[in-house]
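Visitor: Just to be clear, the model below is a prediction. Sequence and coordinates:
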Amino acid sequence: MKYIMIGSACLMVIGIIAGTYFFEKVPNVTQPATPEVNNPGPPPLQVVNETDPVGYSLQQEQLQITYNKGEKWIQVPVEKENLFEGEYSGMEDELIEGSYILTEDLVAFLYAHDYDAVDKSVRLLYSKNKGETWEDAKVTASSPPIRFRKIDFINESFGYVILSADRTMSQELITVYLTKDGGKSWKEMPRPDITRLIYDGGFVDENTGFLSFGILTPEEPDLHVTNDGGNSWSKATMDIPDEYKRIFVIAEVPFKEDDHLAVYVNQGPNGDYEGGNVKGKFISEDEGRTWSFQEEVQPDDID
């Protein structure tokens, strides 16, 4: 028994010596340090309209504007979803055409505020000092879901909003709102007795404005004019040469040119005359009540 215990002790000593020798011979292996990963944060905002004086972005679910091509961004105090409220099914990475103004002197955005379960108030958020402060004006306290929406100013004080709402098949309600104090307050004008789907509209001065209809299978221009600041509307007469009938079918918004008014009339969504992009130019010398054909216009000739 004594010899067994001595043998076991010797084996333990031999094991310790061998282990120490082996440990000293094995080189130290340093484990690679876990690299530090810096959080890059969200990607830089991309300017949607780099050629305009003021750019904007809808990334990160927030409307932001820039006056220096993205070097500095200003957050606009409006919920992104409110900019697209109503009957709109397009992409939400760009603002709805016509629903905003972006200039050095004025940025403005139409939006619908969810004030109850059915109707919504339509408001205008705007800034005249490059986003340092914002004004929030009520255009209308209540509106059914809007489809067409447009805001514009023809000078510092006079502006207009055109809305269409409550669409049913090919019919909808059209309402025009005017401001004469730079957007602080808005007046609803008598609703025109027209229920066709609107294509576009606008004013050329404080008295003369236009509404153009017929976006579904149009056969001829349907342009209506007011000469009393939106209190009454009448259909304009357009003298279309026989060779252009059912070719030039949708009037765009008229504009002032020299001592008369002019308007381009396009071919609608299904036009194929000369490739479908040629327009007819018409002029009026009686404030938009009657129009006469002047010439064909190529796309490159239009500013």
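Guide: That came through fine. Model, not experiment: these values are computed from the prediction.

Visitor: can you pull the contacts of the residue nearest in space to the middle of the chain?
Guide: The structure's the chain has its C-alpha centroid closest to Leu95; by C-alpha atoms, centre = their mean the separation is 1.7 Å. Taking C-beta atoms under 8 Å, 6 or more residues apart in numbering as the definition of contact, the neighbours of Leu95 are 48, 56, 58, 63, 83, 109. In this view, the C-beta of every residue, glycine as well, is placed from N, C-alpha and C.

Visitor: could you dump those residues to a markdown table with secondary structure and distance to Met91?
Guide: Conversion of those to a markdown table gives the following (DSSP: H, G, I helix; E, B strand; the rest coil; distance: C-beta to C-beta, whole Å):
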| residue | secondary structure | distance to Met91 |
| --- | --- | --- |
| Val48 | coil | 11 |
| Tyr56 | strand | 15 |
| Leu58 | coil | 10 |
| Leu63 | strand | 15 |
| Leu83 | helix | 12 |
| Phe109 | strand | 17 |
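
Visitor: Could I have the buried ones of those as ChimeraX selection syntax?
Guide: Here is the ChimeraX command that selects the buried residues among those (16 or more other C-beta atoms under 10 Å):
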select :56,58,63,83,109
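
Visitor: from the contacts of Leu95, which is closest to Asp272?
Guide: Closest to Asp272 out of those is Val48 (31.3 Å), distances taken as C-beta to C-beta.

Visitor: hang on, the closest one packs against Gln59?
Guide: No. With contact defined as C-beta atoms under 8 Å, Val48 does not reach Gln59; the gap is 9.3 Å.

Visitor: where does the chain dip in pLDDT?
Guide: Within the chain, the ranges that satisfy pLDDT under 70 run 1-43, 50-51, 115-118.

Visitor: Now stretch 126-138: buried residues?
Guide: Applying a neighbour-count criterion of 16+ other C-beta under 10 Å, the buried positions in stretch 126-138 are 126-128, 131, 134, 137.

Visitor: got it, and stretch 177-185?
Guide: If you call a residue buried by 16+ other C-beta under 10 Å, then stretch 177-185 has these buried ones: 177-179, 182-183.

Visitor: For the stretch 201-303 of the chain, which segments count as strands?
Guide: Taking DSSP state E, counting those that start in this stretch as the test, the strands found in the stretch 201-303 of the chain are 209-213, 222-226, 234-235, 237-239, 250-251, 255-257, 260-266, 279-284, 290-297.

Visitor: Make TSV from these and add mean neighbour count to it.
Guide: Below are these laid out as TSV (neighbours: other C-beta atoms under 10 Å):
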stretch	mean neighbour count
strand 209-213	25
strand 222-226	23
strand 234-235	13
strand 237-239	14
strand 250-251	26
strand 255-257	12
strand 260-266	20
strand 279-284	21
strand 290-297	16
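
Visitor: Can you add distance to Ile151 and give those strands back as CSV?
Guide: Compiled in CSV, these are given as follows (distance: least, C-beta to C-beta, whole Å):
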stretch, distance to Ile151
strand 209-213, 14
strand 222-226, 18
strand 234-235, 25
strand 237-239, 27
strand 250-251, 20
strand 255-257, 17
strand 260-266, 21
strand 279-284, 25
strand 290-297, 26
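
Visitor: And the ones you listed: which comes nearest Phe158?
Guide: Distances from Phe158 to each of those were compared using C-beta to C-beta; the minimum, 10.7 Å, belongs to strand 209-213.

Visitor: For the closest one, give me every contacting residue.
Guide: Contact with strand 209-213 is made by 160, 162, 174, 176, 192, 194, 196-204, 221-226, 229-230, 233, 236, 250-254, 263, 288, as judged by C-beta under 8 Å, 6+ apart.

Visitor: cutoff 7 Å now
Guide: Residues lying outside strand 209-213 but in contact with it, judged by C-beta atoms under 7 Å, 6 or more residues apart in numbering, are 160, 174, 192, 194, 196-203, 222-226, 230, 233, 250-254, 288.

Visitor: and that strand, how far out from the chain's middle?
Guide: Mean C-alpha position of strand 209-213 versus that of the full chain (C-alpha atoms, centre = their mean, to the nearest Å) differs by 21 Å.

Visitor: again, but for stretch 212-227
Guide: For stretch 212-227, the distance to the chain centre is 24 Å (C-alpha atoms, centre = their mean).

Visitor: ok, now stretch 186-198?
Guide: Using C-alpha atoms, centre = their mean, we find the averaged C-alpha position of stretch 186-198 to lie 22 Å away from the chain's own average C-alpha position.
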